[in-house]
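**Q** What shape does this take:
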Amino acid sequence: MYAWDLGEVPPSGQRGRDVSGAWRVLTSIRTTLVILLVLSVLLLLNVLVPQAATSGGEALSDVASSSTAARFFLVVLGLAEVSTSPLFLAVVGLFFVT
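**A** So this is what the prediction gives:
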């Protein structure tokens, strides 16, 4: 057991290894491919699902009122605002970091 497991501050050498390990994972090709896959799925949803910013309020409310499944996907899951969602912005930010 290490001393920093008990709540003490880890030695500076250990912190450096943790940061370099996290940076290595973040900048790996596999991580970049996963981020690109998630980004492409979100962009595909942005194209296929009517968006609130481009369709207008009336068209979106017509689609949402047509069925309970459409209302669930558009309103509850927030798929009517994919391009401005925090998830989309976080994935784009991660993509730029990698």
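**Q** contacting residues for the residue nearest the centre of the chain?
**A** Nearest residue to the geometric centre of the chain (Cα atoms, centre = their mean): Leu87, 3.4 Å. Counting by Cβ atoms under 8 Å, 6 or more residues apart in numbering, Leu87 makes contact with Leu42. Bear in mind the C-beta positions are built from the backbone N, C-alpha and C, glycine included.
**Q** ok, now how distant is it from Leu45?
**A** Distance, Leu87 to Leu45, using Cβ to Cβ, to the nearest Å: 11 Å.
**Q** hmm, back to that, okay, buried residues for the strand or helix carrying the residue nearest to the centre of the chain please.
**A** Per DSSP states H and E: Leu87 is located in helix 86-97. Buried residues in helix 86-97, counted by 16 or more other Cβ atoms under 10 Å: Phe88, Val91, Leu94.
**Q** got it, and stretch 76-87?
**A** For stretch 76-87, the neighbour count (16+ other Cβ under 10 Å) marks Leu79, Ala80, Glu81, Val82, Ser85 as buried.
**Q** Would you confirm that the last one contacts Leu77?
**A** No: applying Cβ atoms under 8 Å as the test, Ser85 and Leu77 come out as separate, 9.8 Å apart.
**Q** could you pull out the helices for this protein?
**A** 12-26, 29-48, 52-66, 68-71, 86-97 (DSSP state H).
**Q** Would you convert the ones you listed into JSON lines that also reports mean pLDDT?
**A** As requested, those are exported to JSON lines (pLDDT from 0 to 100):
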{"stretch": "helix 12-26", "mean pLDDT": "74"}
{"stretch": "helix 29-48", "mean pLDDT": "91"}
{"stretch": "helix 52-66", "mean pLDDT": "74"}
{"stretch": "helix 68-71", "mean pLDDT": "80"}
{"stretch": "helix 86-97", "mean pLDDT": "90"}
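**Q** got the contact list for Ala53?
**A** Going by Cβ under 8 Å, 6+ apart, Ala53 touches Glu81, Ser83, Thr84.
**Q** Now the second one. Its backbone dihedrals?
**A** In other words, Ser83. Main-chain torsions, Ser83, degrees, to the nearest 10: phi -70, psi -10.
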